[in-house]
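1. sequence first, then the predicted structure, then my questions.
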Amino acid sequence: MRGKYLAVAKEAALRAGRFLMENLGKSEGVIYKGAGHFNPVSAMDTGAERIIVDAVGSAFPQHNIVTEEKGRQLLNLTRPQQRYHLLSHN
């Protein structure tokens, strides 16, 4: 199973990286999380995150996912005993 985790992670990272490179300089809207202007989030951030979440979620639908930008919003709380995977694309 470890090989499948790694293969899915690599493919997701490559797809997210392609998305970021193809859209470099095109992101117009930036919002800030928390107080002040110290934690910017762009459509590029959330787009890359969505690509990764979709890939991992399709390969491992039984797993819950916690991410940097959406946090726990993606959790399926009907399965609280499952593992959580923290995905970050900083």
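-> Cool, the structure landed.

2. the strands in the chain, which residues?
-> In the chain, the strands defined using DSSP state E lie at 30-32, 40-42, 64-67, 84-87.

3. would you list the strands that the second one pairs with, along with their directions?
-> Applying DSSP bridges to the sheet, strand 40-42 is found paired with strand 30-32 (antiparallel).

4. low pLDDT regions in the protein?
-> Within the chain, the segments meeting pLDDT under 70 span 1, 71-90.

5. tell me, what residue is most central in it?
-> The centroid of the chain falls nearest to residue 49 when counting by CA atoms, centre = their mean (2.8 Å).

6. which parts of the chain are helices?
-> Secondary structure of the chain (DSSP state H): helices at 2-22, 43-59.

7. among those helices, which is the most enclosed?
-> helix 43-59 (a mean of 18; mean count of other CB atoms under 10 Å). Any C-beta I mention is one placed from the backbone N, CA and C, and that applies to glycine too.

8. and it, how far out from the chain middle?
-> Centroid displacement of helix 43-59 relative to its chain, using CA atoms, centre = their mean, to the nearest Å, is 4 Å.
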